[in-house]
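Trainee: This is the structure alone, sequence omitted:
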């Protein structure tokens, strides 16, 4: 009986020794260990595997939330006075001219957008700036100087103010008759001193920028009118898309005449295919239907054609949708 127990113990010892050698060899060899893992995974897959029930989806890299991501997107109206005081009101129904202004001050510009959007401003030196809209002072107050948030050049004046999505396209131009298309995102600058955006020739003025309709550029046209009553219309997609610069010639005005303020661009209007153009000169108005506008179509950079007598001293030009 004792001999049988001894044989059993020796047999177990031999088995354990063999197992120990096998484990030691595995731990000493990365290749053998990898092969074992692969073999066991394959066996498990064959025994328990079935079709995947969840999809593997590649996601974009995670990014930290910004302050704007946590802010609501309420509609707001931002109002700028002629002396550069800024404030904001909820909603888009506000009449900015109905607000009270400091003595000697008055309404100048308004922009409508969302509270989580940036306000983009351009001055008469062609520099653009970005200001967070969500924490502007309430329109119930007199507001605060816009210069408390940005640092424009001394003596400069503001020329335009826009709000919208970064990808929205904008028409920029000087009244020398040059311009280009850019985006709101390209206009924004985190620098309080802004960024050089539009290069207006010496002696000429930066015109108010215009947000473009979401229609494709080849479905739009631009109407340019000079102070001498010369009207030119051409496809908007003939203007370049740039991030900054002077742009291309819109209408032909001699540099010496624009610098001397003898002749300059009075207004720019972006039109859809079926839009009409309303021209106001003093107390008289003239509506040019799409068929009438064909007379003023010409190559970009052309001189343009004169409006009828009595309408050449244009005070206002605006589109009329069909």
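Mentor: Yes, it's here. What you are looking at is a predicted structure, and each value in this text was computed from that prediction instead of being measured.

Trainee: What segments of the stretch 201-322 of the chain are helices?
Mentor: The residue ranges that make up the helices of the stretch 201-322 of the chain, judged by DSSP state H, counting those that start in this stretch, are 255-259, 290-293.

Trainee: mind putting the ones you listed in TSV, mean neighbour count, distance to residue 195 and mean pLDDT included?
Mentor: Yep, even glycine has a C-beta here, placed from its N, CA and C like the rest. As requested, these are arranged in TSV below (neighbours: other C-beta atoms under 10 Å; distance: least, C-beta to C-beta, whole Å; pLDDT from 0 to 100):
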stretch	mean neighbour count	distance to residue 195	mean pLDDT
helix 255-259	15	25	96
helix 290-293	13	36	96
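
Trainee: so which of these gets nearest residue 54?
Mentor: helix 290-293 (56.5 Å; C-beta to C-beta).

Trainee: Could you name the helices and strands sitting against that closest one?
Mentor: Other elements packing on helix 290-293 under the criterion 3 or more C-beta pairs under 8 Å, 6 or more residues apart in numbering; DSSP states H and E are strand 276-281.

Trainee: count of residues packed around residue 120?
Mentor: When counting by other C-beta atoms under 10 Å, one arrives at 28 neighbours for residue 120.

Trainee: before we move on, the earlier item: for the helices of the stretch 201-322 of the chain, give me TSV that also has distance to residue 77.
Mentor: Formatted as TSV, these follow (distance: least, C-beta to C-beta, whole Å):
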stretch	distance to residue 77
helix 255-259	34
helix 290-293	32
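
Trainee: mind checking which of those is nearest residue 306?
Mentor: Smallest distance to residue 306 across the helices of the stretch 201-322 of the chain (C-beta to C-beta): 14.0 Å, for helix 290-293.

Trainee: Check the offset of the one helix or strand in the chain whose mean pLDDT sits lowest from the chain's centre.
Mentor: Every helix and strand in the chain was compared by mean pLDDT, DSSP states H and E; the lowest is helix 2-28, with a mean of 79. In this view, helix 2-28 has its centroid 76 Å away from the chain centroid, taken as C-alpha atoms, centre = their mean, to the nearest Å.

Trainee: what helices or strands is it leaning on?
Mentor: Using 3+ C-beta pairs under 8 Å, 6+ apart as the contact criterion, the neighbours of helix 2-28 among helices and strands are helix 30-48.

Trainee: quick one: the least confident helix or strand of the chain to helix 30-48, angle?
Mentor: Computed with axes from the mean of the first three to the mean of the last three C-alpha atoms, to 10 degrees, the direction of helix 2-28 lies at 110 degrees from that of helix 30-48.

Trainee: Buried residues, helix 2-28. List them.
Mentor: Of all the residues in helix 2-28, those buried under the rule 16 or more other C-beta atoms under 10 Å are residue 26.

Trainee: Tell me which of the helices of the stretch 201-322 of the chain sits nearest to residue 141.
Mentor: Ranking these by proximity to residue 141 (C-beta to C-beta) places helix 255-259 first, at 40.5 Å.

Trainee: What residue spans form the domains of this structure?
Mentor: As recorded under automatic domain parsing, the domains making up the chain are 71-164, 167-322.

Trainee: who does the closest residue in space to residue 310 that isn't next to it in sequence bridge with?
Mentor: Once flanking residues are discounted, residue 310 sits nearest to residue 284: 6.1 Å by C-beta to C-beta, 6 or more residues apart in numbering. For residue 284, the beta-bridge assignment (DSSP bridges) gives partners residue 281.

Trainee: Next up, phi/psi of residue 254, please.
Mentor: Summarising the backbone geometry of residue 254 under the convention degrees, to the nearest 10, its torsions are phi -60, psi 140.

Trainee: okay, now it: neighbour count?
Mentor: Residue 254 has 12 neighbours, counted by other C-beta under 10 Å.

Trainee: can you check residue 265 too?
Mentor: The number of residues near residue 265, taken as other C-beta under 10 Å, comes to 25.
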